[in-house]
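J.: 3D, please:
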Amino acid sequence: MIVMGLFSLVLGLVDFLVNLIPNVDLKIGINFIGVIANAFRYANLVIRVDIILLLWPITLLLDHYNFGKALLFFVKKFIPFISG
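T.: Take a look at the predicted model:
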């Protein structure tokens, strides 16, 4: 009987804590693709988007190269028979 009372007390406490969490319904009534298209349309007035699209792969390539080089030198530091 005491165990049952403690069990119901714990379940009641958990139920109370769960009920403290508010319900949040987030409804965004905008067309996401339309917003992105408008952003690119207005960004094209400042700088040409085709230039950005040409420079983006070069930037990604350089970032990945620098990360790979840093990772290679980090691993090389732990290999004892490689001099340097």
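
J.: Spatially central residue in the protein, please.
T.: Leu60 (17.4 Å; C-alpha atoms, centre = their mean).

J.: The helix or strand that residue falls within packs against which elements?
T.: For Leu60, the host element (DSSP states H and E) is helix 49-76. With contacts taken as 3 or more C-beta pairs under 8 Å, 6 or more residues apart in numbering; DSSP states H and E, helix 49-76 sits against helix 32-46. All C-beta spots, glycine's among them, are computed from the backbone N, C-alpha and C.

J.: how far is the helix it packs on from where the chain is centred?
T.: Offset of helix 32-46 from its chain centre (C-alpha atoms, centre = their mean, to the nearest Å): 23 Å.

J.: what is the orientation angle of that helix with helix 49-76?
T.: 100 degrees (axes from the mean of the first three to the mean of the last three C-alpha atoms, to 10 degrees).

J.: buried sites along the helix or strand of the chain with the lowest mean pLDDT?
T.: Lowest mean confidence among the helices and strands of the chain (mean pLDDT, DSSP states H and E): helix 32-46, at a mean of 81. Residues of helix 32-46 include none that count as buried (16 or more other C-beta atoms under 10 Å).

J.: isn't Val49 right up against Phe40?
T.: Yes - between Val49 and Phe40 there is a contact under C-beta atoms under 8 Å: 5.5 Å.

J.: so where is the chain shaky, pLDDT-wise?
T.: 26, 28-29, 83-84 (pLDDT under 70).

J.: how close does Val3 get to Leu9?
T.: 11 Å (C-beta to C-beta, to the nearest Å).

J.: Next: Phe73.
T.: 58 Å.

J.: check contacts around Phe81.
T.: Phe81 makes contact with no residue, according to C-beta atoms under 8 Å, 6 or more residues apart in numbering.

J.: just use 25 as the starting number from now, easier for me
T.: Okay, residue one is now 25; in that scheme the one you just asked about reads as Phe105.

J.: secondary structure class for it?
T.: Of the three states, Phe105 takes coil under DSSP: H, G, I helix; E, B strand; the rest coil.

J.: go on, Phe31?
T.: What three-state DSSP gives for Phe31 is helix.
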